[in-house]
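Q: whatever this is, show me its structure:
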Amino acid sequence: MTDHQGDMKKWNALIARLESREAVVGVVGLGYVGLPVATSFADAGFRVLGVDNDRERVAPVEGGRSHIRDIDDADISRLKAAHRLRASTSYRGLAKADAIVVSVPTPLSDGIPDVSSIEAAGRSLAKVITGDTLVILESTTYPGTTEEVLAPLLEASGLRAGHDFLLAYSPERIDPGNERFAFGDIPKVIGGINDVSTRAAATLYMQVVPKVVTVSGTREAEMTKLIENTFRHVNIGLVNELAQYANEWDVDIWEAIEAAATKPFGYMPFWPGPGWGGHCIPLDPSYLSWRVRRDHSHEIRFIELAQSINAEMPKYVVERASLLLNERGKALRGARILGIGAAYKGGTSDTRGAPSLKVLSLLAQRGAQVAFHDPLVPTLTIGDKALESLPLGAKLLAKQDLVVALIPQIDVDWGLIHREAPFIFDCCNAFKGLNGDVARL
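A: As a prediction, the model looks like this:
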């Protein structure tokens, strides 16, 4: 038997274990991406070990509870009781894994992609990985990371990528707070460092998602996610700039966008707002910009322009709020302003990069008396002041000089706000179709 024949026999055996769901799956990182991935594989019948350095993520899972809103405590408890889901801070248990999915954070640091968590995972896996293992990176990153960063770290084990272990990339596409599309509803894009890596990774994901799309390599798969979010980033920047001019022209930008969306081809609606936030759209396009600057010493101008427009939206909202108050004979300094929604988008408690926080901070800096209401965010720090989410009531609303609807958060009593607030500045179309003292972005 040749070495190639021996390798294929080994990989066919791995693929058979993946197809039969007898394989053990490891998931590195138990955050908003990793935990849904882990529970999806466990629900499909795999035995899953989740590893995270943060004990505050591991302890709830081991206790049968979820630390993220999109996964119910009952699901964690059920999977724990069935012995299909475990969590640990140690990588040692991953030595028995047939497939390992890496879903760790990749933030920006001074405009430079921070892949230190990928590097740390690679070094830790190199100490425990064995032959016959499939490793898949899901973390959003720039093209080349899988082969240039992760592969050499794993090969420090003495094993060869594509020969002794398989390696692929599949971009995460999870949308926190999206009740329509969970992990198991979204097609997966997969690119391996060789054909058998792609085939094995595709086989694994076929067990938990409706459709698998394979591409020719890891770089194409890495680029896929950046294209998706750069497309959103640029179009959000476009509608945010249009919203500013539409206001000057007395045009209802929301109505105009809804009308444009009736065209059945060649158009997709994007909506203005007080800025963008979260862990994807403000960051992912910068991975592309960084790579272009590093390799070619210039920028991707569309990305940089959209970045500047979106980053300025909180300031624009504050200026509009000041003008709206002035028109009613009230100065911004000393005005009582209640912000509705503190997370970066509706349906989540995540405040990372939330434009709401930036708006509230700027209002406070200008001397406004700022408060907020968000059913999913109990506390905020604005400047050096800790604020608690105030319960909505007629008395609270009546004494506000301005109520600013920042995001369309779930479980907010928008009808109460419309009835009781003296004046509303709607930045998220929460009061669509309603008349009264409502100014729109």
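Q: contacts, neighbours, all on C-alpha from now
A: OK.
Q: contacts only, for residue 31.
A: Taking C-alpha atoms under 8 Å, 6 or more residues apart in numbering as the criterion, residue 31 is in contact with 57, 68, 104.
Q: for the residues you listed, point out the one with the lowest pLDDT.
A: Least confident entry in these, by pLDDT: residue 68, with 91.
Q: surely that residue forms part of a strand?
A: No: inclusion of residue 68 in a strand is not indicated when DSSP: H, G, I helix; E, B strand; the rest coil is applied; the result is coil.
Q: circling back to that earlier point, which of the contacts of residue 31 tops the neighbour count?
A: Taking other C-alpha atoms under 10 Å as the neighbour criterion, residue 104 ranks highest of these with 26 neighbours.
Q: which among the contacts of residue 31 gets closest to residue 432?
A: Distance to residue 432, by C-alpha to C-alpha, is smallest for residue 68 among these, at 30.2 Å.
Q: secondary structure element for residue 230, which one?
A: Secondary structure from DSSP states H and E places residue 230 in helix 218-248.
Q: buried sites along the helix or strand just after that helix?
A: Downstream of helix 218-248, the first helix or strand assigned by DSSP H and E is helix 253-260. Of the residues in helix 253-260, those buried by neighbour count under the rule 16 or more other C-alpha atoms under 10 Å are 253-254, 257.
Q: one more: stretch 85-92?
A: When burial is assessed from 16+ other C-alpha under 10 Å, stretch 85-92 yields the following buried residues: 85-89, 91.
Q: regarding it, how distant is the last residue from the first?
A: Between the opening and closing residues of stretch 85-92 lies a distance of 16 Å (C-alpha to C-alpha, to the nearest Å).
Q: quick one: mean pLDDT for that stretch?
A: Here stretch 85-92 scores 97 as its mean pLDDT.
Q: re earlier: go through the buried residues of stretch 85-92 and name the one nearest residue 108.
A: When those are compared for distance to residue 108, the smallest value, 24.6 Å, is given by residue 89; criterion: C-alpha to C-alpha.
Q: residue 103 versus residue 92, what's the distance?
A: For residue 92 relative to residue 103 (C-alpha to C-alpha), the value is 18 Å.
Q: now swap in residue 320 and tell me
A: With distances defined as C-alpha to C-alpha, the gap from residue 320 to residue 103 amounts to 40 Å.
Q: more neighbours, these two?
A: When neighbours are counted by other C-alpha under 10 Å, residue 320 and residue 103 differ, and residue 103 comes out ahead with 27 against 18.
Q: the more buried one reaches residue 138, doesn't it?
A: Yes: counting by C-alpha atoms under 8 Å, a contact exists between residue 103 and residue 138, whose distance comes to 5.1 Å.
Q: so can I have JSON lines of the contacts of residue 31 showing distance to residue 391?
A: Written out in JSON lines, the entries for the contacts of residue 31 read as follows (distance: C-alpha to C-alpha, whole Å):
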{"residue": "57", "distance to residue 391": "29"}
{"residue": "68", "distance to residue 391": "23"}
{"residue": "104", "distance to residue 391": "35"}
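Q: between those, which sits nearest residue 157?
A: Distances from residue 157 to the contacts of residue 31, taken by C-alpha to C-alpha, are shortest for residue 104, at 20.6 Å.
Q: residue contacts, the residue nearest to that closest one when sequence neighbours are not counted?
A: Nearest in space to residue 104, with sequence neighbours left out and distances taken as C-alpha to C-alpha, 6 or more residues apart in numbering, is residue 29 at 5.1 Å. Applying C-alpha under 8 Å, 6+ apart to residue 29 gives the contacts 35, 50-53, 102-104.
Q: so which elements touch the helix or strand harbouring residue 42?
A: Under the criterion of DSSP H and E, residue 42 resides in helix 34-43. Using 3 or more C-alpha pairs under 8 Å, 6 or more residues apart in numbering; DSSP states H and E as the contact criterion, the elements in contact with helix 34-43 are strand 24-28, strand 47-51, helix 73-81, strand 85-88.
Q: let's test this: mean pLDDT of the longest one, rounded?
A: Here the mean pLDDT over helix 73-81 is 96, rounded to a whole number.
Q: can you tell me what sits against it?
A: Applying C-alpha under 8 Å, 6+ apart, the contact partners of helix 73-81 are 39, 42-43, 61-66, 85-86.
Q: for that helix, list the C-alpha coordinates in PDB.
A: Presented in PDB, the C-alpha positions along helix 73-81 are these (Å, rounded to 0.1, in the frame of the first residue of the first chain):
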ATOM      1  CA  ASP A  73     -30.700  27.000  29.600                       C
ATOM      2  CA  ALA A  74     -33.000  24.000  28.900                       C
ATOM      3  CA  ASP A  75     -31.000  23.100  25.800                       C
ATOM      4  CA  ILE A  76     -27.700  23.100  27.700                       C
ATOM      5  CA  SER A  77     -29.200  21.100  30.500                       C
ATOM      6  CA  ARG A  78     -30.700  18.500  28.200                       C
ATOM      7  CA  LEU A  79     -27.500  18.100  26.200                       C
ATOM      8  CA  LYS A  80     -25.500  17.800  29.400                       C
ATOM      9  CA  ALA A  81     -27.800  15.200  30.800                       C
END
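Q: one step back: can I get the buried residues of stretch 85-92 in CSV with distance to residue 373?
A: What follows is those, written out as CSV (distance: C-alpha to C-alpha, whole Å):
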residue, distance to residue 373
85, 36
86, 36
87, 34
88, 36
89, 36
91, 41
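Q: and these, which is closest to residue 203?
A: residue 85 (20.5 Å).
Q: buried stuff in stretch 22-38?
A: Neighbour-count burial for stretch 22-38, counted by 16+ other C-alpha under 10 Å, picks out 23-38.
Q: ends of that stretch, what's the gap?
A: Where stretch 22-38 begins and where it ends lie 15 Å apart, using C-alpha to C-alpha.
Q: centre of the chain to it, how far?
A: 16 Å (C-alpha atoms, centre = their mean, to the nearest Å).
Q: could you do stretch 289-297 as well?
A: Averaging C-alpha positions (C-alpha atoms, centre = their mean) puts stretch 289-297 24 Å from its chain's average.
Q: now do stretch 343-352
A: Distance, stretch centre to chain centre, for stretch 343-352: 10 Å (C-alpha atoms, centre = their mean).
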